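Asks: when you get a sec, could you give me coordinates for this:
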Amino acid sequence: MTEDSLDGLEFSSGSEERTAGEFIDTIHDEDILYYYIQDAYEKTKSGIQIDADGKEEKIKTHAQVEVFQSTIQYVEAFGIYLLSYIKGKENLVDHLVEIRPKHLHRFFESLQDGEEDEYLQNQGIDEDYEAVLESLFGYAFIDEVGEEVSEEELREAIDQSIEVLDANIRRIGEFYLYFHDIYNAVKHGNRALPQLENGFKISRENEKDTELEVDLNFVLFLCRTQDWKPFLAGVPIDYLIDHSLKIAGKTHRVFSYLKKVSRAETSGEEIDLSFFRFEEADDEDEQEWITATSKSGVIILPKIEELEELQQPQEVKFPGRIELDHRTLYIKTQYDEETSEEYPLEVTTLQRGVVGLTPQPLLGVNFNFIVDELDVDQYFEYLNLQELELNGEGIDRIIIVDEQANQEIDTGTPENFDIPEELDYFLEWEELKQLYWLQQISGERIPIPLNVAKEQGDIINECIESDLEQDDAVAAVEELKTVGEKNHWTTVHVDLVTLDGRTLQSEPVCQIQGELIPDIEFYEDEHTEQFEEEWGDPGKDLQVVARGYEGGYEDLVEALSDHSSKVEEILEQLDLGADGPTPPKLVLHYEIGEPGFWFTEHTLRFQFLTNQIRINVKQSCPLCGNTIATDLRTHLVDDCNPSI
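Replies: This is a model prediction of the structure:
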C-alpha cells in the first residue's frame, strides 16, 4: 500500500520504488545516535579544552548531563519505532510523527503494571503482547530450520528469546519512566544546576541531624510535579552516567535487531535470526544507592552506614477524616495525637520509598475507626469508598492534606489499600444522602444513624421532598435532636469481672426500648425510697448486689442473646440489695446515659464476680466504695452497703 502522507514526493532504494514509510524506515540508522552517545561520553573524560574562567568542572558535568539527555532521546526513538511497528507499518510515517512522549509513558506504564495485553486491546490490536513480539522480531516467520533442531527445541529457543527481549524492553521502559522528570528539566529551559559542593545534612523529626560529605559531583534538577508544583532532584553525575550508558547499550542491542528484521521484511531478503539467553546481569550497580526525600525534594546518595536508617520503612499514625472525589481519596488531618469528632479515623501510613525521582512517597495506607464515633459525613464518604472498592474500580490516588500547615502530599496510587471493614447501610441511600447534605448545609455535626425512630424518619423524608435553605436545615436538625432526646434505649451487657473491678469478658446481648430501672422493685423499701429521690439525672449510675439467679455467666449470655423479652423475666427473679450469708456472685450495674442525637442510650450490666484476684486489706470495695477494713468475705457479708 502506498502512503500519501508525503504526497508529491517519490522514493526509491536502488532501482526499486519505495513508499514513504519504507524509505524512512530503511534510511533511519539506529547506530548514529548510539555512537554519538559513546563519543560524547569519551570526550567528557578528556576535560574542557578552553579557558572557562575556573568553571571547567561544572562544564564537564553539564556535558555529562547531555550524554544522559541523548540517552533519553535514544530510548524515545526506540519506543516510537516499536509502537509504530505495533500499530502497523502501512501508516508508518503518520505513526512516527504522531506518537508522543505521553504515548510512550502509557505503553511503558502498561508494561510496569502487567497490563500490556489490555493496552494492545485499547489500540485495536487483537493479538497478545508475546505474539506481537514474536512477529516483530521475526520468530513467527521462521521457514527453515537445521535438521538437527527439533520443533520442541525451536519452540523453547523462541520462548526464551522473547522472554529476554521482553525483559530488556521492560528495563528500558523503567529507565524512561524513572528519569523522565529530570529529562524534562533539562529539555525545557535547561534547569540542570551542577553542584560541586558535597556536604549534606539530613534531618528527621525528633532525631539528631546527620551530617556527611561524599566525594561526588551532583546535579540539581528543578522539576515539577503533575500538579505543576516545583521540587528539586539531586542526582550524582556518576549515578546518572552509569545508568545512561548501560541503558544506551541495552537499547542499541534491541533496537538494532528490531530494525534488522524490519529492513528484511521491506527488502524481502532472508536473514539469519538471532536467539537470546539470559546472561549475568550487566546493569547491576557496583555502588549501592539510597533515596532521601522531603516534601519538596529528593536526593540520591551512596549507601553508607550513617544513612542505613533512611532505608527503613517509615510508619506514621495520625487522626484523620476522608473525602472522596471520583477515584481520588483525600485524607485530611492536623496530626493531632488522638482521634476526635472532627478527625475520627486512625490513619496509618507506611512509606516504602518514593515514586521515581520525585518526592511523592510510595505508601501503604490503612485506617481504623469505631463505627459509633463517625458522623454522617464520614459514614457517607466511607460507604462511597466501600462501593468503589467492592465494584473493583478502587482508588487511583491518595492525597494527604495537612490542614494546619495548609500543605498537600500527593502519594499517588497506594502500594496497598484495603477498607478495614464492610459497613451496613443503616438507612436507605436517599435518606443517608439527605442527612449528609443536612450536615453540610447546617454546619451541625450529625452522628451516624445507628437507631432511627419513626418520627425521625418522617422528618428526613420531608427534607428529601423539600428544597431546603440553611435555616430550614438547621431547624430540621433541631427537630431530629428533640425526638432523639425522647427516644430511650437500654443496651444490656453480661460481664465477667474480677473482685478488683477488672473486666475479663463482656458480651452485649440485646437492646430494650425505653428505660428499664424505674420499674425495678428493690428488696428493701429504703433502697426504693433512696432510688426515687436520687435517680434520674444523666450520668447517674446504680450498682447493687443481686441474688436469686442460679446460672452463671455463659448461661445468662445464652439466655439473653437477642432475646430482649427475657430481661424483665430475669430481673423479676432477682432480689436486689438483699443481704445474705455468702458473698454475692452477681451485681447489677445500671447507668443513665447522656441525651443523644438519635436516641438516649442507657446501659444495664449483669456483672458476675470471679475470685481470680482477691482484694487486699485497705483497698476500696468495688460495690460500696468504702475501705475494706477486714477480709473481703467478711466485708461483703457484714459491712458492705452498696451506694446508689
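Asks: pLDDT below threshold where in the stretch 1-150 of the chain?
Replies: Applying pLDDT under 70 to the stretch 1-150 of the chain flags the ranges 1-16, 143-147.
Asks: tell me the secondary structure of Pro508, please.
Replies: Secondary structure assignment for Pro508 (DSSP: H, G, I helix; E, B strand; the rest coil): strand.
Asks: how many residues are close by it?
Replies: Counted with other C-beta atoms under 10 Å, the neighbours of Pro508 add up to 15. Bear in mind the C-beta positions are built from the backbone N, C-alpha and C, glycine included.
Asks: and it, how far from His493?
Replies: Separation of Pro508 from His493 (C-beta to C-beta, to the nearest Å) stands at 5 Å.
Asks: same deal with Ala63?
Replies: In this view, Ala63 and His493 are 77 Å apart by C-beta to C-beta.
Asks: repeat that for Leu92.
Replies: Between Leu92 and His493 the computed distance is 76 Å (C-beta to C-beta).
Asks: repeat that for Pro414.
Replies: Applying C-beta to C-beta, the value for Pro414 to His493 is 38 Å.
Asks: also Glu30?
Replies: In this view, Glu30 and His493 are 77 Å apart by C-beta to C-beta.
Asks: closest to the centroid, which residue in the protein?
Replies: Centre of the chain computed as the mean C-alpha position; nearest residue by C-alpha atoms, centre = their mean is Pro414, 3.3 Å away.
Asks: for that residue, helix, strand, or coil?
Replies: Going by three-state DSSP: Pro414 is coil.
Asks: buried residues of stretch 259-275, list them for me.
Replies: Lys259, Lys260, Val261, Ser262, Ala264, Glu265, Thr266, Leu273 (16 or more other C-beta atoms under 10 Å).
Asks: my understanding was that the fourth one contacts Tyr85; is that so?
Replies: Yes - taking C-beta atoms under 8 Å as the definition, Ser262 is a contact partner of Tyr85 at 6.6 Å.
Asks: tally of neighbours for Val492?
Replies: Neighbour count for Val492, taken as other C-beta under 10 Å: 25.
Asks: ditto for Asp579
Replies: Neighbour tally, Asp579, other C-beta under 10 Å: 15.
Asks: ok, Glu17 next?
Replies: 12.
Asks: distance of it from Phe23?
Replies: Separation of Glu17 from Phe23 (C-beta to C-beta) stands at 9 Å.
Asks: which segments of the chain make up each domain?
Replies: Per the record, the chain has its domains at 11-189+241-272, 313-417, 429-486, 488-639, by automatic domain parsing.
Asks: quick one: the shortest one to chain centroid distance?
Replies: Spelled out, that is domain 429-486. 33 Å (C-alpha atoms, centre = their mean, to the nearest Å).
Asks: show the average pLDDT along that domain.
Replies: Here domain 429-486 scores 89 as its mean pLDDT.
Asks: that domain: end-to-end distance?
Replies: Domain 429-486 stretches 26 Å from its first residue to its last (C-alpha to C-alpha, to the nearest Å).
Asks: how close does the closest residue to Leu33 other than its chain neighbours sit to Leu496?
Replies: Of all residues not flanking Leu33 in the chain, Tyr74 sits nearest, at 4.9 Å (C-beta to C-beta, 6 or more residues apart in numbering). Using C-beta to C-beta, Tyr74 is found at 73 Å from Leu496.
Asks: quick one: Pro583 is in a helix?
Replies: No - using three-state DSSP, the secondary structure at Pro583 is coil, not a helix.
Asks: and it, how many neighbours?
Replies: For Pro583, the neighbour count with other C-beta under 10 Å is 16.
Asks: and for Val401?
Replies: 18.
Asks: so where do the strands sit in the stretch 151-300 of the chain?
Replies: All strands of the stretch 151-300 of the chain, identified by DSSP state E, counting those that start in this stretch, fall at 192-195, 199-202, 210-213, 218-224, 230-236, 289-294, 297-302.
Asks: could you dump the fourth one to PDB, C-alpha only?
Replies: Output for strand 218-224, consisting of C-alpha atoms alone and laid out as PDB, is shown next (Å, rounded to 0.1, in the frame of the first residue of the first chain):
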ATOM      1  CA  PHE A 218      25.900  16.400  41.900                       C
ATOM      2  CA  VAL A 219      23.400  18.000  39.600                       C
ATOM      3  CA  LEU A 220      20.300  19.700  40.900                       C
ATOM      4  CA  PHE A 221      17.300  19.400  38.600                       C
ATOM      5  CA  LEU A 222      14.400  21.900  39.000                       C
ATOM      6  CA  CYS A 223      11.400  19.700  38.200                       C
ATOM      7  CA  ARG A 224       7.700  19.900  38.600                       C
END
